[in-house]
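Novice: no sequence on this one, just coordinates:
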């Protein structure tokens, strides 16, 4: 499956899941750029980049547009790729496009989730309904022990 993404320079690229083969990859799905929880999570990944990139690539995925990702990436100085999943194809594939509820109102949205893919592109660990505080440390602990 090919999908649009932005690279660390804010340039639009086409990204193929086959590009994940050959390296351990952290795919994390988050609901929305520039919201408090999503910003905290992205900044935690950013702040641990030295420890993370020694063992894995990080890719953040949300339904926001590429333009939104560019602004978010620049504003937060994010040092990893963000993928725009506007049509929710990846979210559906990974089972994170879910019915949610807020103040009694039901809607469809991203269930904050993280997946570790091995060098063959297979899921070897997943976290669903992620709580942001301490999550990146959990991911790092797992990566350092595989």
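Specialist: It's in. What you see is a predicted model, and the numbers here were worked out from it, not measured in a lab.
Novice: for the closest residue to residue 109 other than its chain neighbours, helix, strand, or coil?
Specialist: What sits nearest to residue 109 in space, not counting adjacent residues and going by C-beta to C-beta, 6 or more residues apart in numbering, is residue 100, at 4.7 Å. From N, CA and C alone the C-beta is placed, and that goes for glycine too. Following DSSP: H, G, I helix; E, B strand; the rest coil, the label given to residue 100 is strand.
Novice: so how far is residue 106 from residue 100?
Specialist: Distance, residue 100 to residue 106, using C-beta to C-beta, to the nearest Å: 7 Å.
Novice: neighbour-wise, which of those two wins?
Specialist: When neighbours are counted by other C-beta atoms under 10 Å, residue 100 and residue 106 differ, and residue 100 comes out ahead with 13 against 8.
Novice: give me the buried positions along stretch 42-61.
Specialist: Within stretch 42-61, the residues that qualify as buried are 42, 44, 45, 46, 52, 56, 57, 58, 59, 60, 61, counting by 16 or more other C-beta atoms under 10 Å.
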